[in-house]
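1. Curious how this folds, go ahead:
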Amino acid sequence: MVTRPLGLLDSGADPATMMDLSAMYAVAGPLTLGLLIGGMSFFSFLVAPLSFRILGEAQAGKFVRGLFPYYYLFVIVAAALAVVGTVARNPTVSIMMVGVLVLGVIARQLLMPMINRA
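-> Below is the predicted model:
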């Protein structure tokens, strides 16, 4: 009888039929990068300008300030997923995504509270 070490995704299935993790990462990296860039563009070029145009300056300011914590949380999570998805195939992009992640944390945890107090 041949024994194999158990892996995280080992269900006892034939290794040839198990999901290929490298193929998953090949899709996950570009997908999360696309979600991150798309989400940032959507907020910057559509949500914020339309808010100010439709709601007026006072209401839109409150609305956008209310959205920022969720926006930065989205940026942090998407950047973290992009780091995981790109580290094996493109370490340079992965390092850049670590920078986006760190800046997202700084903006959410430090800058936003300071702006809201001002």
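
2. mean confidence for stretch 73-80?
-> For stretch 73-80, mean pLDDT is 94.

3. Other residues contacting that stretch?
-> Outside stretch 73-80, the residues within contact range by CB atoms under 8 Å, 6 or more residues apart in numbering are T32, L35, L36, G39, M40, M97, V98, V100, L101, G104, V105, R108. From N, CA and C alone the C-beta is placed, and that goes for glycine too.

4. Determine the set of other helices and strands touching whichever strand or helix holds A26.
-> Taking DSSP states H and E as the criterion, the element that holds A26 is helix 21-42. For helix 21-42, the elements it packs on are helix 57-86, helix 91-106, judged by 3 or more CB pairs under 8 Å, 6 or more residues apart in numbering; DSSP states H and E.

5. contacting residues around that helix?
-> Under CB under 8 Å, 6+ apart, the answer for helix 21-42 is 9, 71, 74-75, 78-79, 81-82, 84-86, 88-90, 93, 97, 100.

6. if we go to 6 Å?
-> Residues from elsewhere that reach helix 21-42, judged by CB atoms under 6 Å, 6 or more residues apart in numbering: F74, A78, L81, A82, G85, T86, A88.
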